[in-house]
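Undergrad: 3D, please:
(2 chains)
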Amino acid sequence: DSGVTQTPKHLITATGQRVTLRCSPRSGDLSVYWYQQSLDQGLQFLIQYYNGEERAKGNILERFSAQQFPDLHSELNLSSLELGDSALYFCASSVGASGYEQYFGPGTRLTVT
Amino acid sequence: GENVGLHLPTLSVQEGDNSIINCAYSNSASDYFIWYKQESGKGPQFIIDIRSNMDKRQGQRVTVLLNKTVKHLSLQIAATQPGDSAVYFCAETPYGQNFVFGPGTRLSVLP
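TA: Numbering: from 1, shown residues only, chains lettered A, B, ... in the order given. Model (predicted):
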């Protein structure tokens, strides 16, 4: 158990809908990272927040957004969902801002029908 | 949940043998490299890391080698055990500005 929690574990929704994925980092970790894992794209970095502020951005679509709250939990919002958004979404956390030693949560499996 | 990447390259080793998993990285500006292990239905698990000012780092039963000249990273697992069966990913980052993962290698440990 990494200490990172993600909810929900599974999510099934229809195209065009919007969903919110939630992540609680390990106690003491200030950074949260979001990743997408799909069969054809592998693991893709989406975005990082450090202590409430966006720090790094990867291949995140404009339809996706994220935020980190004062209690350091984070939410990833996915809107106008398409079939291709079906994937595993992982959250990871680390103590510092530089991305060293990230600890991953168990993931949320999103299925868009 | 099933593992991602059903057609990943696979390395099969006998229990007790040493394993070597290789990775080519792409960005010469990357300064930090990580190996992750992902078991079926779980998130990636940090194994070992190395910074670009080093060429070798050892952990418990694992060693990471970095060759910046040819942009190559390897993970050596000593005395491979059944519990080592998983998909292994390398990752690189230039100063934490982006994190790029390799396609992964499936390690299968034969009894």
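Undergrad: for whatever residue of chain A ends up closest to chain B, what are its contacts?
TA: The minimum distance from chain A to chain B, using C-beta to the nearest C-beta, falls at A:F104 (3.4 Å). (Glycine included, C-beta is placed from N, CA and C.) The contact partners of A:F104, by C-beta atoms under 8 Å, 6 or more residues apart in numbering or on different chains, come to A:S2, A:V4, A:Y35, A:F90, A:C91, A:A92, B:Y36, B:G43, B:P44, B:Q45, B:F46.
Undergrad: For the third one, give me its contacts.
TA: Residues touching A:Y35, when contacts are defined by C-beta under 8 Å, 6+ apart, comprise A:L43, A:Q44, A:F45, A:L46, A:Y89, A:F90, A:C91, A:A92, A:F104, B:F99.
Undergrad: State the distance from the spatially closest residue to A:H73 that is not a sequence neighbour to B:G41.
TA: Closest residue in space to A:H73, ignoring its immediate chain neighbours: A:S24 at 4.7 Å, by C-beta to C-beta, 6 or more residues apart in numbering or on different chains. Distance of A:S24 to B:G41, given as C-beta to C-beta, to the nearest Å: 20 Å.
Undergrad: Neighbour count for the two, which is higher?
TA: Remark: of A:S24 and B:G41, A:S24 carries more neighbours, 19 against 12, as counted by other C-beta atoms under 10 Å in any protein chain shown.
Undergrad: wait, isn't that one in contact with A:Q68?
TA: No. Under the criterion of C-beta atoms under 8 Å, A:S24 is not in contact with A:Q68, lying 10.9 Å apart.
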